[in-house]
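Enquirer: Build the 3D model from these lines:
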Amino acid sequence: MKKFWLILAILVGMAAVLTGCAASEQPGTSASQGSGDSGALLGNLSTTDLEGEAVDAGLFADHTLTMINIWTTTCPYCIQEMPTLLQLHQDYADQGFQVVGLLADALDAQGEVDAGQVAEGKEIAQSAGGNYRHILPNLELYATLLANIPGVPATVFIDSEGNPVGQGLVGAKDYDTWAAIIEENLAALQ
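Expert: Numbers count the residues shown, from 1 in each chain. As a prediction, the model looks like this:
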């Protein structure tokens, strides 16, 4: 019965994320960074990436600041923003910054990774210029982080220990806007 409720919560959350793309143009919209335990969750991250490689909290350890950009295969704003995110990933790398994509629509209704969605996500990321690491959600990420995201693209910032930094944001942004936010979050970690 507990699994039923978890799957129901995931489906409701997925519907909210997938239908939120049209609202993603609102540049100043904030997103919740999950329930109060989102730092603990990301500090204990255990998932895979688009290539099927295991990913854990070590993903954050060597970086002062990680930008997790949550996207879906059906969101044109998410896809159009990828080259900007790659440029930021490259331009701020020497300051301990990285961009990581989170493909929000990679799970099926049973909470299992959908190989077709993963293949489509890989194709989109490669052709759109999103040549940075993309991770896949699991049931735990859906229940605690993605269930609180009102639309995509959504972005959260994480420190080297997996704790949230600053505010979560909804909507695509231009290079200069993201650069200012990144610099502000990096300064907060000094």
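
Enquirer: where does the protein dip in pLDDT?
Expert: 1-41 (pLDDT under 70).

Enquirer: Wait, Gly171 touches Tyr77, no?
Expert: Yes. If you go by Cβ atoms under 8 Å, Gly171 and Tyr77 touch, sitting 7.4 Å apart. (C-beta placed from N, C-alpha, C; glycine too.)

Enquirer: And the two? Which one has more around it.
Expert: For the pair Gly171 and Tyr77, the greater number of neighbours falls to Gly171 (22 against 18), based on other Cβ atoms under 10 Å.

Enquirer: and that one, how far is that from Trp178?
Expert: Distance of Gly171 to Trp178, computed by Cβ to Cβ, to the nearest Å: 11 Å.

Enquirer: How about Ala109?
Expert: 33 Å.

Enquirer: Pick out whichever of the two has more residues nearby.
Expert: Trp178 (22 against 10).

Enquirer: Does the more buried one belong to a helix, a strand or coil?
Expert: Recorded secondary structure, Trp178: helix (DSSP: H, G, I helix; E, B strand; the rest coil).

Enquirer: In contact with the closest residue in space to it that isn't next to it in sequence, which residues are there?
Expert: Spatial nearest neighbour of Trp178, excluding adjacent residues (Cβ to Cβ, 6 or more residues apart in numbering): Leu88 at 5.5 Å. By Cβ atoms under 8 Å, 6 or more residues apart in numbering, the residues touching Leu88 are 67, 97, 99, 175, 178-179, 182.

Enquirer: show me what contacts the residue nearest the centre of the chain?
Expert: In the chain, the centroid-proximal residue (Cα atoms, centre = their mean) is Ile70; its distance is 3.0 Å. Ile70 sits next to 17, 101-102, 104, 146, 149, 152-156 when contact means Cβ under 8 Å, 6+ apart.

Enquirer: try it again with 7 Å
Expert: Residues in contact with Ile70 (Cβ atoms under 7 Å, 6 or more residues apart in numbering) are 102, 104, 146, 149, 152-155.

Enquirer: all helices of this protein, in order?
Expert: Counting by DSSP state H, the chain has helices at residues 2-19, 38-43, 58-61, 76-91, 115-128, 139-144, 175-188.

Enquirer: Please name whichever of those helices is nearest to Asn163.
Expert: The closest of the helices of the chain to Asn163 is helix 38-43. By Cβ to Cβ, the value is 3.9 Å.
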